[in-house]
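**Student:** Take a look and give me a structure for this.
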Amino acid sequence: MGEIHWRKSSRSSGSAGSNCVEVGSGAGPVLVRDTKDRDGGTLSVSPQAFREFVDAVKSKF
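**Tutor:** Numbers count the residues shown, from 1 in each chain. Next comes the predicted model:
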């Protein structure tokens, strides 16, 4: 899969910073993991499905 670049929202900071997810991207599916359990499982979705998810969330807020 190659190198995965993990990132989380810039709005995740302070004590609330551990209550978020990180998104990993590379040359394959988009990965999502819990910041409190990085060695736990990851959710794997296609880039298109992730984009549709983000667009849907943005349209609600």
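
**Student:** surely T42 meets P29?
**Tutor:** No. At 9.4 Å, T42 does not count as touching P29 under the criterion of Cβ atoms under 8 Å. For the C-beta atoms, the positions are set from N, CA and C on the backbone; glycine is no exception.

**Student:** Quick check: which ranges of this protein have low pLDDT?
**Tutor:** Across the chain, the ranges flagged by pLDDT under 70 are 1, 13-18.

**Student:** who does the residue nearest the centre of it bridge with?
**Tutor:** Nearest to the mean C-alpha position of the chain, counting by Cα atoms, centre = their mean, stands V23 at 2.2 Å. For V23, the beta-bridge partners are R7, V32 (DSSP bridges).

**Student:** Contact partners for it?
**Tutor:** Shown in contact with V23 (Cβ atoms under 8 Å, 6 or more residues apart in numbering): 6-8, 30-32, 50.

**Student:** of the residues you listed, buried ones?
**Tutor:** 30-32, 50 (16 or more other Cβ atoms under 10 Å).

**Student:** Name the pair among these with the greatest separation in space.
**Tutor:** L31 and F50 (9.4 Å; Cβ to Cβ).

**Student:** Now do the helices in this protein.
**Tutor:** Taking DSSP state H as the test, the helices found in the chain are 47-60.

**Student:** S12 contacts K36, correct?
**Tutor:** No. Assessed by Cβ under 8 Å, S12 is found out of contact with K36, at 11.8 Å.
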